[in-house]
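[1] Task: produce atomic coordinates for the following.
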Amino acid sequence: LKIWQHNLNTSLAAQESLLNRQMITDYNIVAIQEPHVNFLRNTQANHRWHVLYLSHHHSHPQTRACAVILINTSLNTNS
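    As a prediction, the model looks like this:
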């Protein structure tokens, strides 16, 4: 299991750059601190990642997402 952790300081450009790097596809989990969050309160990801938000993300709309976890779609999550 390979894990990458990165603080993006809410930068959309930094998040897109990270997700488009070839080397990031070698990781199973990417833990992002201070992700970019759009006006719908969603973060950016591409088809290679499942996005996991903290449990209170949807129940407390006044708080900003301080972290998200991306799970590589190639990782078998059924076992």
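[2] what kind of secondary structure is residue 5 in?
    When states are read from DSSP: H, G, I helix; E, B strand; the rest coil, the local structure at residue 5 comes out as strand.
[3] so it makes contact with residue 24?
    No: contact criterion Cβ atoms under 8 Å: residue 5 and residue 24 do not qualify, at 11.9 Å. Using the backbone N, CA and C atoms, a C-beta is placed for each residue, glycine as well.
[4] Report the set of residues contacting both of the two.
    Residues touching both residue 5 and residue 24 (Cβ atoms under 8 Å, 6 or more residues apart in numbering) are residue 30.
[5] Show me which of these two is the more surrounded one.
    Neighbours per residue (other Cβ atoms under 10 Å) separate residue 5 from residue 24, with residue 24 holding more: 17 against 12.
[6] ok but the more buried one is inside a helix, no?
    Yes: counting by three-state DSSP, residue 24 is located in a helix.
[7] residues touching it, list them.
    Taking Cβ under 8 Å, 6+ apart as the criterion, residue 24 is in contact with 4, 18, 30.
[8] With residue 63 instead?
    Applying Cβ under 8 Å, 6+ apart, one finds that residue 63 lies in contact with residue 56.
[9] If we use 10 Å, what do you get?
    Counting by Cβ atoms under 10 Å, 6 or more residues apart in numbering, residue 63 touches 41, 54, 56-57.
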